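**Q** the following block contains a protein sequence and its predicted model.
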Amino acid sequence: MLAGKRFLITQPTVAWINGSTVATFELSKYLQESGAQVTVFTWVLDSPARDLFADSGIDVLTPRMRSVSVEDFDYVWVHSQVLPQEVLEELPGAKELPMFIYLHMSSLAECADERPFVFGIEESIASLSLFISQRVKDAQAPYFSSGYAGGFYCNPAPDAFAQIEARASGEAPQRALVVSNHPPIEVVDAMRILEDSGCQVVFFGESGDEYRLVTPEVISEYDLVVTIGKTVQYCLVSGTPVYIYDHFGGPGYLNADNYEDAAYSHFSGRDSESRSASELFEDIIGRYCEAAKYQRERLTDFRTIYTISSVFLDILQSLTERSLEPPEARVLHAASSALLVAQQRFQSQYEANTLASGLRKESTRLADAEEQLRQAWSDNVLLQGQIESLQDELTAITDSRRWRYVSKVARISDSLRQLLGRR
């Protein structure tokens, strides 16, 4: 069904290793491995995410690289309302339009790009609008016409996660993985306590021990994962116990009582109380076996719900052909301006974040250098004190009667040596 099909996937930035970028990468790779032709369009392209796509041979374009035509594709999968300007301009005159699928990935008010801010375009051209959870759909409902239908694409995991053999779970975790670009201090402290109890802990994330893609090989090395968001699905389909907690808080381990509420908020941890480090540690240890049992019992269900091959083809089969009436010229002009503003915003935000990251690194480097200078100064003061002490000892020796006597004997010895040398 996918072989030979032409997909355009749009994403505002391909730079950081974060949720939406990884979702773009995983979908692109799935389509590519299924025989489809995939092109990714983005406004910002940079490493480390750029390297993920390049290493997999996935074609990624920016507005400066080359233009695309709406007639080049069978499907256009849209993130954050992103459309190439030329695609928008070609809508009225295109002989054949692809099917447009819009995906919405956040319910946060500050993530304005996740809403249909290009007024009138999504509803007029989309064959289907998708949401990663019911919470996101509920938050976006006011932006759509009454009764507008939509489906779900709940951050499914690549099939390879369902094919790994989860580590055997004992009475307590032996190797724990924390996946977060923003771990709160209580998680960091709880993991220190967990380490003190004999469990090895590794942090994945922008400020962690490693900053790279979480793969099935990575997950298979751990018997506990602490995280939120789309990493949760990796754990659900692999049978790896997952503790849901991050900067929003979280419900902790999943069970029959909290699963529906957690899934409603795409496992983001929202609407949960924060906990102290000691409370987190005690809960992680105390309910570990219960959580592992629950996930084992629901493993088949989770693999049906959250593996990409189980959900993507169903989405395509649910699409219906639409006889599209091109939006009015004034709507297209407004949409073009809105997209240009959004592009400039994402590019400026990326530059600002890159600058801020550089400043943080430089600040850390300067702080380290300051500490080294402070230590060197302290060492110098100590050394100077030792030198002065040795000088005092030397002065005391040279001023002593014994030193004067030894000096006279040494001079007499030198004189005798010289006299004997002349003979």
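**A** Okay, I see it.

**Q** what about residue 357, how many neighbours?
**A** 12 (other CB atoms under 10 Å). Placement of C-beta: from N, CA and C, glycine included.

**Q** where's it relative to residue 202, distance?
**A** Going from residue 357 to residue 202 by CB to CB, to the nearest Å gives 22 Å.

**Q** could you do residue 18 as well?
**A** Counting by CB to CB - residue 18 and residue 202 are separated by 19 Å.

**Q** spatially nearest residue to residue 53 (excluding sequence neighbours)?
**A** Closest residue to residue 53 apart from its sequence neighbours, by CB to CB, 6 or more residues apart in numbering: residue 60 at 4.9 Å.

**Q** how about that neighbour, secondary structure?
**A** strand (DSSP: H, G, I helix; E, B strand; the rest coil).

**Q** my read: it touches residue 45, true?
**A** Yes - Residue 60 lies in contact with residue 45 (CB atoms under 8 Å); the separation is 5.9 Å.

**Q** give me the common contacts of those two.
**A** residue 14 (CB atoms under 8 Å, 6 or more residues apart in numbering).

**Q** quick one: contacts for residue 108?
**A** residue 114.

**Q** and it, how far from residue 134?
**A** Look at residue 108 and residue 134: by CB to CB, they are 15 Å apart.

**Q** ditto for residue 229
**A** 16 Å.

**Q** more neighbours: which of the two?
**A** Neighbours per residue, other CB under 10 Å: of residue 229 and residue 134, the larger number sits with residue 229, 22 against 16.

**Q** show the contacting residues for the closest residue to that one other than its chain neighbours.
**A** Closest residue in space to residue 229, ignoring its immediate chain neighbours: residue 19 at 5.5 Å, by CB to CB, 6+ apart. By CB under 8 Å, 6+ apart, the residues touching residue 19 are 105, 155, 229, 230.

**Q** what about 10 Å?
**A** Neighbour list for residue 19: 105, 106, 132, 155, 181, 228, 229, 230, 231, 266, 268 [criterion: CB atoms under 10 Å, 6 or more residues apart in numbering].

**Q** just residue 49 next, same as before
**A** 11, 13-18, 21-22, 24-25, 42, 60, 213.

**Q** please check these and keep the buried ones.
**A** 11, 13-17, 21-22, 24-25, 42, 60, 213 (16 or more other CB atoms under 10 Å).

**Q** in JSON lines, list those along with distance to residue 328, secondary structure and pLDDT.
**A** JSON lines is the format used below for the buried ones among the contacts of residue 49 (distance: CB to CB, whole Å; DSSP: H, G, I helix; E, B strand; the rest coil; pLDDT from 0 to 100):
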{"residue": "11", "distance to residue 328": "28", "secondary structure": "strand", "pLDDT": "97"}
{"residue": "13", "distance to residue 328": "30", "secondary structure": "strand", "pLDDT": "96"}
{"residue": "14", "distance to residue 328": "32", "secondary structure": "strand", "pLDDT": "96"}
{"residue": "15", "distance to residue 328": "35", "secondary structure": "coil", "pLDDT": "95"}
{"residue": "16", "distance to residue 328": "37", "secondary structure": "coil", "pLDDT": "90"}
{"residue": "17", "distance to residue 328": "40", "secondary structure": "coil", "pLDDT": "91"}
{"residue": "21", "distance to residue 328": "34", "secondary structure": "helix", "pLDDT": "96"}
{"residue": "22", "distance to residue 328": "37", "secondary structure": "helix", "pLDDT": "96"}
{"residue": "24", "distance to residue 328": "31", "secondary structure": "helix", "pLDDT": "98"}
{"residue": "25", "distance to residue 328": "36", "secondary structure": "helix", "pLDDT": "98"}
{"residue": "42", "distance to residue 328": "28", "secondary structure": "strand", "pLDDT": "97"}
{"residue": "60", "distance to residue 328": "33", "secondary structure": "strand", "pLDDT": "97"}
{"residue": "213", "distance to residue 328": "43", "secondary structure": "coil", "pLDDT": "94"}
